[in-house]
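In: here is a sequence together with a model predicted from it:
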Amino acid sequence: MRSPQVEAAAGLPAEVTIYEVGPRDGLQNEKTIVPAATKVEFVRRLEAAGLGTIETTSFVPAKWVPQMGDAEEVLAGLGADGVGRRRPALVPNERGLDRAEELGLQAIAVFGSATETFARKNLNRSVAEQYAMFEPVVRRAQADSMWVRAYVSMCFGDPWEGPVPVEQVVDVAVRLMDLGCDQLSLGDTIGVGTTGHVHRLLEALEARGIGTDRVAVHFHDTYGQALANTMAALRDGVTVVDAAAGGLGGCPYAKSATGNLATEDLVWALHGAGVRTGVDLDALVETSVWMAEQLGRPSPSRVVKALAGS
């Protein structure tokens, strides 16, 4: 079978927006440097497969994340197609925003932490201090009519601190959204979340004024829970899901974080449930097979393995 039998599932949205993070979150933890031209081709192939929103790169210093040290070169290769409101890039601070503005980007993302330890390791700041770093970034971006996303990492557990209280996550989310961000992405950075935890967090956010219309979910598949957690979030009203083609990904500051939810696995499940995504699954699988060849290792996506071998 090249596509699932379609049987509409109750409680799911009619359409889901896939926020493709493969070129940024998917490649940032690779051991070898992927050439900028390969990244450009990756984005082009993802576009051709029907993925509308693609996070292209990150303006972090190369000494922190060497794999993202070629942001300007990648965006130059993409030209006008790489700077629109559906082509966000990660911006860690005002210096990163300066670089993004010089290139004319119209959409950015900031990356906060729900826990102290990860904030220190990833941002070299405390949780409280991260808001002071992000506030001028968001303010300036808004003044330039940019779209701004706020990531919150370690929402479901932290490798150093263990369980993370739901209200602690909500407090951070509210502070970031109060800065003026347009969308909140909830990150299960080490993949330990479960469906009940997802429901409880979304419920708590709703109670504090952040509805599912402003929320995206970002699950890693360390414990095989990413797809189940995503479907639970969709049944609670979320309609934006982060995923990476081929299940690429990890986190350079959290070694226990494995790949993201594979875009192909998500598309197979959604199409089978009668949910529209706009994605051509065969073209996407071809893209992930191609990227796996560039990386010299097979894709961990179950759907890629099944369709590529059929």
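Out: Happy to help now that I have it. Residues are numbered from 1 along each chain as shown.

In: identify the residues contacting residue 184.
Out: When contacts are counted by Cβ atoms under 8 Å, 6 or more residues apart in numbering, residue 184 touches 149, 150, 152, 173, 176, 177, 205, 210, 214, 215, 216. Heads up, the C-betas are built off the backbone N, CA and C, glycines and all.

In: list just the nearest of those to residue 272.
Out: If you rank these by distance to residue 272 using Cβ to Cβ, residue 216 comes first, at 21.6 Å.

In: now for the closest one: which residues touch it?
Out: Counting by Cβ under 8 Å, 6+ apart, the residues that residue 216 touches are 19, 149, 183, 184, 185, 186, 238, 240, 241, 242.

In: among those residues, which one sits closest to residue 2?
Out: For the contacts of residue 216, the minimum distance to residue 2 (Cβ to Cβ) is 22.4 Å, reached by residue 241.

In: tell me if that closest one really is in a helix.
Out: No. Counting by DSSP: H, G, I helix; E, B strand; the rest coil, residue 241 is not part of a helix but strand.

In: in TSV, list the contacts of residue 184 along with secondary structure, pLDDT and distance to residue 274.
Out: Shown next, in TSV, are the contacts of residue 184 (DSSP: H, G, I helix; E, B strand; the rest coil; pLDDT from 0 to 100; distance: Cβ to Cβ, whole Å):
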residue	secondary structure	pLDDT	distance to residue 274
149	strand	98	28
150	strand	98	31
152	strand	98	31
173	helix	98	31
176	helix	98	34
177	helix	98	32
205	helix	98	27
210	coil	98	28
214	helix	98	25
215	strand	98	22
216	strand	99	21
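
In: let's have the contacts of residue 216 in a markdown table, adding distance to residue 131.
Out: As requested, those are exported to a markdown table (distance: Cβ to Cβ, whole Å):
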| residue | distance to residue 131 |
| --- | --- |
| 19 | 23 |
| 149 | 16 |
| 183 | 17 |
| 184 | 14 |
| 185 | 17 |
| 186 | 18 |
| 238 | 24 |
| 240 | 23 |
| 241 | 26 |
| 242 | 23 |
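
In: ok, how many other residues are close to residue 154?
Out: 30 (other Cβ atoms under 10 Å).

In: those strands in the chain, which residues are they?
Out: For the chain, the strands defined by DSSP state E cover 17-20, 53-54, 89-90, 107-113, 147-153, 183-188, 215-219, 240-243.

In: can you check what angle separates the fourth one from strand 183-188?
Out: Think strand 107-113. With axes from the mean of the first three to the mean of the last three Cα atoms, to 10 degrees defining the directions, strand 107-113 sits at 40 degrees from strand 183-188.

In: next one: strand 107-113 to chain centre, how far?
Out: How far strand 107-113 lies from its chain's middle: 10 Å, per Cα atoms, centre = their mean, to the nearest Å.

In: which neighbouring elements make contact with that strand?
Out: Here strand 107-113 touches strand 89-90, helix 116-123, helix 127-143, strand 147-153, helix 166-178, going by 3 or more Cβ pairs under 8 Å, 6 or more residues apart in numbering; DSSP states H and E.

In: which strands and helices sit next to the third one?
Out: The elements that helix 127-143 packs onto, with contact taken as 3+ Cβ pairs under 8 Å, 6+ apart, are helix 94-102, strand 107-113, helix 116-123, strand 147-153, helix 166-178.

In: if we can go back for a sec, would you turn the helices and strands packed on strand 107-113 into a markdown table with distance to residue 24 and mean neighbour count?
Out: Listed next are the helices and strands packed on strand 107-113 as a markdown table, based on distance: least, Cβ to Cβ, whole Å; neighbours: other Cβ atoms under 10 Å:
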| stretch | distance to residue 24 | mean neighbour count |
| --- | --- | --- |
| strand 89-90 | 6 | 25 |
| helix 116-123 | 15 | 19 |
| helix 127-143 | 17 | 17 |
| strand 147-153 | 11 | 23 |
| helix 166-178 | 19 | 19 |
